[in-house]
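Enquirer: pasting the sequence and the predicted coordinates here, then a few questions.
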Amino acid sequence: MLEYIMTVLNNITLALSSDPIYLVIAIILSALILYSLVKKLVKLMLYLLAIFIIYLGYLYFTGQDYPTNVNDIIEQGAEIIEQGAEVIEEQIDKVVKEQKGK
């Protein structure tokens, strides 16, 4: 299997080096893929920044102190997620009990 992969890679390398049109096409495709990845990473960073700003706004409006280190932020986030999970579980149990009663 490894020999087959090496043969395919050698054939691709040979085709790219022997014909400049294939090389240009490969460079354009690589640039498009790289652009797409960078674009998605930027979008992800903007979402994370927006979530962080919303979190800081939540802390400001509820009057809570801003955490001074990252571990405090992670612990508070974990607590909020656990509370949300409990509420969701309660609602699911409530719906299941209602469905069984029918």
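Expert: On my side now, so go ahead.
Enquirer: so what's residue 102 scoring on pLDDT?
Expert: At residue 102, the pLDDT value in this model is 66.
Enquirer: what separation do you get for the spatially most central residue of the chain and residue 94?
Expert: Geometric centre of the chain, nearest residue: residue 44, 6.6 Å, by C-alpha atoms, centre = their mean. Residue 44 sits 35 Å away from residue 94, taking C-beta to C-beta, to the nearest Å as the criterion. (Glycine included, C-beta is placed from N, CA and C.)
Enquirer: and the one helix or strand residue 42 maps to, what other elements does it pack with?
Expert: Using DSSP states H and E, residue 42 sits in helix 20-62. Here helix 20-62 touches helix 2-18, going by 3 or more C-beta pairs under 8 Å, 6 or more residues apart in numbering; DSSP states H and E.
Enquirer: what packs against the helix it packs on?
Expert: For helix 2-18, the packing partners by 3+ C-beta pairs under 8 Å, 6+ apart come out as helix 20-62.
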